[in-house]
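*Asks:* Mind folding the following:
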Amino acid sequence: MDRTLSRGMEGQDVAELQAALNYHLRPPHPPHTPEGPERPPLKVDGIFGPLTEARLIEFQQLNDLDDDGVVGRETRPVLFNARKITVKVPINKANDTSGVSSFQRTNATPFVVGLPGNQTQVSPNKPLIAPVKLQNRQVQIGGSLTLEPIVGPGAQAKTVFLSVQWTWVEQKDGRHLELALGGQFALGLTPDTKELAPSAQSFAQVTIADLVAFDKANLHLFSPSAQVSYQSNFVKSILKSNSVGVSAQNQVTWDFVKIGQHDVLSLFCQQQLAWTYDLAARKGTVAPSFLAGAIWQTNFF
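*Replies:* Next up is the predicted model:
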């Protein structure tokens, strides 16, 4: 049975209380919530001190609970059931306390509980796939090498490319789902400069990002994806053929320039196995290829 928590107590359940308060009483993030004072996170040390008590009283007042600074029968279910919490926030000027407004907060991000070295993630009622939101725009520049086809006609090919894509992200931290739409312009490099082969491509891509990643080194090793594309191929500015393609990919990325929590410049290497069907020749090709280059990223959130 859960014990009643109050000032002066210590233990694992006090550490969970502090982690939960850090989760619920996060600093405001304009423009989604009004401006307000910053709340430095509580130290999750399992000691119920005066700062923990003050933060608990603030939580109780915001949720119309008895502000006694005690985690009892009334406060506990509201504090630890993060499924739906009603929080009142000021919508007036800083010196005007005449009114408040209510909004609903939902549990989209898990919070960490436990003493240092023994932490676990708590994510009650988290959906299997969270809603996605437009996250960033990426501009990629680099080169590709397509090897001899495994199936169908063709030969080795080298290109340089420039692509732009818009990415929707399910959840930013850790393993997450990404959806991307974009376009790419590529220029084939052949020995005969009179036979340069430009192409224009549009694509849609689904990625399970950061299956294997080293956050401290900003290194993302395994992010498999699937892509469908439509491509127009030109020779001497004349449309030669159109093709459709389906590919399986993995991209290794190193983020070497960050601003705050956002990646700005990255280097990448991508391995790809693609099936391409030439609509004019009515022939399909399966070939492996490798891409490498740099990414410039603009974040929307």
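*Asks:* Quick check: Leu265 vs Gln297, distance?
*Replies:* 8 Å (CB to CB, to the nearest Å). Glycine gets a C-beta too; all of them are placed from N, C-alpha and C.
*Asks:* When those two are compared, which one has more neighbours?
*Replies:* More crowded of Leu265 and Gln297, by other CB atoms under 10 Å: Gln297, with 19 against 14.
*Asks:* got a list of what the more buried one touches?
*Replies:* Gln297 makes contact with Asn136, Arg137, Gln138, Val139, His262, Asp263, Val264, Leu265, Ser266, according to CB atoms under 8 Å, 6 or more residues apart in numbering.
*Asks:* check which helix or strand covers it.
*Replies:* Secondary structure from DSSP states H and E places Gln297 in strand 283-299.
*Asks:* then that strand to PDB, C-alphas only?
*Replies:* Extracted in PDB, the C-alpha atoms of strand 283-299 (Å, rounded to 0.1, in the frame of the first residue of the first chain):
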ATOM      1  CA  LYS A 283      11.900  -3.300 -67.600                       C
ATOM      2  CA  GLY A 284      12.800  -3.500 -63.900                       C
ATOM      3  CA  THR A 285      16.200  -3.300 -62.200                       C
ATOM      4  CA  VAL A 286      17.300  -4.200 -58.700                       C
ATOM      5  CA  ALA A 287      20.600  -2.600 -57.700                       C
ATOM      6  CA  PRO A 288      22.400  -1.600 -54.500                       C
ATOM      7  CA  SER A 289      23.700   1.900 -54.100                       C
ATOM      8  CA  PHE A 290      25.500   4.100 -51.600                       C
ATOM      9  CA  LEU A 291      24.900   7.800 -50.900                       C
ATOM     10  CA  ALA A 292      27.000  10.200 -48.800                       C
ATOM     11  CA  GLY A 293      26.800  14.000 -48.200                       C
ATOM     12  CA  ALA A 294      25.800  16.700 -45.800                       C
ATOM     13  CA  ILE A 295      22.400  17.800 -44.400                       C
ATOM     14  CA  TRP A 296      21.300  21.300 -43.400                       C
ATOM     15  CA  GLN A 297      18.200  21.300 -41.200                       C
ATOM     16  CA  THR A 298      15.700  23.900 -40.300                       C
ATOM     17  CA  ASN A 299      13.400  23.000 -37.300                       C
END
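*Asks:* Now do the buried residues in that strand.
*Replies:* Residues of strand 283-299 classed as buried: Gly284, Thr285, Ala287, Ser289, Leu291, Gly293, Ile295, Gln297, Asn299 (neighbour count, 16 or more other CB atoms under 10 Å).
*Asks:* pretty sure the fifth one is touching Ala274, no?
*Replies:* It refers to Leu291. No - Leu291 sits out of contact with Ala274 when judged by CB atoms under 8 Å, with a separation of 10.8 Å.
*Asks:* So, low pLDDT: which residues of the protein?
*Replies:* 1, 27-39, 82-131, 171-173, 190-196, 260-261, 300-301 (pLDDT under 70).
*Asks:* Try it again at 80.
*Replies:* Scanning the chain for pLDDT under 80 picks out 1-2, 25-39, 81-133, 170-174, 189-197, 215-216, 235-237, 260-262, 299-301.
*Asks:* And it, split by domain according to the record?
*Replies:* 12-122, 133-299 (automatic domain parsing).
*Asks:* Of the ones you listed, which is nearest Asp2?
*Replies:* Distance to Asp2, taken as CB to CB, is lowest for domain 12-122 among the domains of the chain, at 6.3 Å.
*Asks:* What is the neighbour count of Ala155?
*Replies:* Other residues close to Ala155 by other CB under 10 Å number 9.
*Asks:* With adjacent residues omitted, what lies nearest to it?
*Replies:* Nearest residue to Ala155, sequence neighbours excluded (CB to CB, 6 or more residues apart in numbering): Glu148, at 6.8 Å.
*Asks:* Equivalent analysis for Leu177, please.
*Replies:* Glu170 (3.9 Å).
*Asks:* Now tabulate the domains of the chain in a markdown table and tack on distance to Asp2.
*Replies:* As requested, the domains of the chain are exported to a markdown table (distance: least, CB to CB, whole Å):
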| stretch | distance to Asp2 |
| --- | --- |
| domain 12-122 | 6 |
| domain 133-299 | 29 |
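*Asks:* out of these, nearest to Leu5?
*Replies:* Nearest of those (CB to CB): domain 12-122, 3.9 Å.
*Asks:* This structure: strands as residue ranges?
*Replies:* Applying DSSP state E to the chain gives strands spanning 84-90, 100-106, 111-113, 120-122, 133-146, 157-169, 176-189, 198-209, 212-214, 219-222, 224-235, 238-259, 262-278, 283-299.
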